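> missing the sequence, but the structure's below:
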């Protein structure tokens, strides 16, 4: 189990002679259960990669800690044997051929399985003798991802691992992750800004924006926390203000006259209880998809408002 | 078909890469070896230990530059994000990673340098006879090796501290500074000589000194590297702290460079103003809040400088005082080493600032030149013969004894500080300053050098000085019309 406890990470740098600070993560706490596939979703610059690196023991949090199976991961070689972090920057691996990468893995990773690596290379029809720098972007991504899988660690952290893959290859990689990692009881943490990938691959997600957690938990639970409702006013018009006065958090509202459609935060019961105080009839309440949750939750945080509610 | 194409694509590339690496190593080895052989042919073989061929310097440059490149490559994670992600994810501690990288530097740089050094010495050994000085070859090799080690350590330290290209600049700056302000500072060597009671480490002292510096710098680099966080890749190690480290280091260097006796107060005041100005520029809104810390840092750095000054003073025969321009300018006589060829004046000026008169000792001739009249004096035995080695040593002892009786009249810590910060003229009447005597004896493989340092006296004490020399069994003979 990975426990992220109140982790904050700030980048400090010099701009000219002036010191600038940028808080990438702010008091982030969540838990990755064993055997789960956890997705980190977020806007661009939300802090996904920073969080992944903190979880991988590459960054030391300014405050808080990342505890893996009861031990702090920072500068702890023993804990790191249980984690494999595969970053989104692949250029360092490009010096190897596919075959050399296997040797590298065997040298630096005690649990690396050359047999599994070969099996996946064969399945993906990757050229073993070719330098990784000479492969296509998608193939490079495949090589590095299967390298991470072949490390056979208890926790696999994959940062933007589906980036550059075609839909067919994404499906294959997902299958590989399922067969080689999940079936062995290991956990995977995936980061992406692609909601579809995450929703297809993960059972838990963490939604990040501006270094802070917006939502976290099982996907179904999160989707269930938001409802899309259609309303018909029994005694006149339905307005956004009416709903908000009834204590309903309205994320989006579209309506004209006595018919309206709104996106609100709350479970079916909570929403119906709120609506019951008004003179409106909820025709239907449906949970949002993960993509809709992402869009509306981020919009609530002020992200992507340019196109909102025109 | 496709597989065969891939093989054809890949194999030539890999072999090309291997050939490229091999050729790079061979070229490096060849250049260094050629440079060493050049040293051998012009220095060790001809038995002329004072000759410093251009290619010897070139060999040092090659070793230093290759050291910087290799060390930078080894510590790629300090500036390359992709390398950091890959390397820091490996299950090893930061300390283990540091030592692994250090080992990589040793294998890729130090071992080749050692091997070429060994090849050079073996080459000299093969010609051992009347014409080759093995010891001198070893000195040259040790010097080159120590320069390589120093380059490695300084690069590793600056990469660990800064992780930026500016690290390279700082490395170069630090290297030049150390080379010219500490290594070349005979005071350090003489201080160690006196501290441990050795009568001169000779040329090996340079290598020994570098090795000590290297070990200390590697230790500092290791400490900083293990504190490094992945976030600092390509950045200063710890933001404001790094800035303060750099600023403090710069102040210290500037104080050492410009804060010579009599000029310390102005230099320190100007540096304080610059330091505070930069502090306010960097910290802006927080500058006032951080001000006490900045003052403490400045005070600590200045304390280090004062300790440095006192160490230099402790070595009373060191060339710290020779840098005292006011004393040198006011002085009338100066003793410098003479060389064994036509480079005597260039060599002599390495050790002092614009002497008015010079007393020089050569391989067999002790010369004393009065620059005002351009007269030259030779010191010989009373029978007119040239001093041999034993007689030279006797002369050196006499000079040392004389100098010890005429040491700088400072008795207390506060006197020293007063001298350092207020100058020589405020509380001292008279002038004296450092000098250095060097002589070589023997030829070929038996050639060796002798060196001593000491003081020469004020103008009004010169007659006493000459009398002392004569009492020691030597005669000062005038040789006129010396060409400067």
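That came in fine, so what should we check first? In this text the structure is predicted, and so the values were computed from the model without any measurement.
> show me what contacts residue A:11?
A:21, A:22, A:23, A:24, B:231 (Cβ atoms under 8 Å, 6 or more residues apart in numbering or on different chains). To be clear about C-beta, it is placed using only N, CA and C from the backbone, and glycine gets the same treatment.
> one more time with 7 Å
Contacts for residue A:11 (Cβ atoms under 7 Å, 6 or more residues apart in numbering or on different chains) come out as A:22, A:24, B:231.
> the second one - that's part of a helix, no?
No. Read with DSSP: H, G, I helix; E, B strand; the rest coil, residue A:24 is strand and lies in no helix.
> hmm, residue A:50 and it touching each other?
Yes. Using Cβ atoms under 7 Å, residue A:24 is in contact with residue A:50, at 4.3 Å.
> ok, back up a step: out of the contacts of residue A:11, flag the one nearest to residue B:286.
residue A:22 (16.2 Å; Cβ to Cβ).
> any idea how far the closest one is from chain B?
To chain B, residue A:22 is 11 Å away according to Cβ to the nearest Cβ, to the nearest Å.
> look at that residue and report its pLDDT.
On pLDDT, residue A:22 comes in at 83.
> now it: closest residue in space that isn't a chain neighbour?
The shortest distance from residue A:22 to any non-neighbouring residue, by Cβ to Cβ, 6 or more residues apart in numbering or on different chains, is to residue A:11 (4.6 Å).
> next, the one you found: secondary structure please.
Going by three-state DSSP: residue A:11 is strand.
> residues from chain A in reach of chain B?
Neighbours of chain B within chain A, by Cβ under 7 Å from any Cβ of the partner chain: A:11-14, A:17-19, A:53, A:56, A:58-60, A:75, A:77, A:80-81, A:84-85, A:87, A:89-93, A:108, A:127, A:129-131.
> how about the residues of the stretch 301-450 of chain B that lie near chain A?
Counting by Cβ under 7 Å from any Cβ, the stretch 301-450 of chain B has no residue next to chain A.
> which residues of the stretch 301-450 of chain B score low on pLDDT?
Where the stretch 301-450 of chain B drops to pLDDT under 70, the residues are B:308-379, B:386-387, B:389, B:392-393, B:396, B:399-450.
> in it, what residue lies closest to chain A?
Relative to chain A, the nearest point of the stretch 301-450 of chain B is residue B:301 (19.0 Å; Cβ to the nearest Cβ).
> so where does that residue fall, helix or strand?
Taking DSSP states H and E as the criterion, residue B:301 maps to helix B:287-314.
> okay, now the domains of the chain?
This is for chain A. Annotated domains of chain A cover A:2-218, A:225-307 [automatic domain parsing].
> oops, chain B please
Domains of chain B are assigned by automatic domain parsing as B:2-237, B:239-314, B:321-479.
> below-threshold pLDDT in the stretch 1-150 of chain A: ranges please.
Ranges of the stretch 1-150 of chain A meeting pLDDT under 70: A:13-19.
> how about the strands in it?
A:2-15, A:18-32, A:37-42, A:63-68, A:71-72, A:83-86 (DSSP state E, counting those that start in this stretch).
> want to throw those strands into CSV with distance to residue A:233?
As requested, these are arranged in CSV below (distance: least, Cβ to Cβ, whole Å):
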stretch, distance to residue A:233
strand A:2-15, 45
strand A:18-32, 40
strand A:37-42, 36
strand A:63-68, 48
strand A:71-72, 57
strand A:83-86, 54
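> doesn't residue A:295 belong to a helix?
Yes. Assessed with three-state DSSP, residue A:295 lies in a helix.
> from chain B, how far out is it?
From residue A:295 to chain B the distance is 30 Å (Cβ to the nearest Cβ).
> so who does the residue nearest to residue A:106 when sequence neighbours are not counted touch?
Here the nearest residue to residue A:106 in space, its sequence neighbours aside, is residue A:112; by Cβ to Cβ, 6+ apart that works out to 5.1 Å. By Cβ under 7 Å, 6+ apart, the contact list for residue A:112 reads A:105, A:106, A:150, A:151, A:152.
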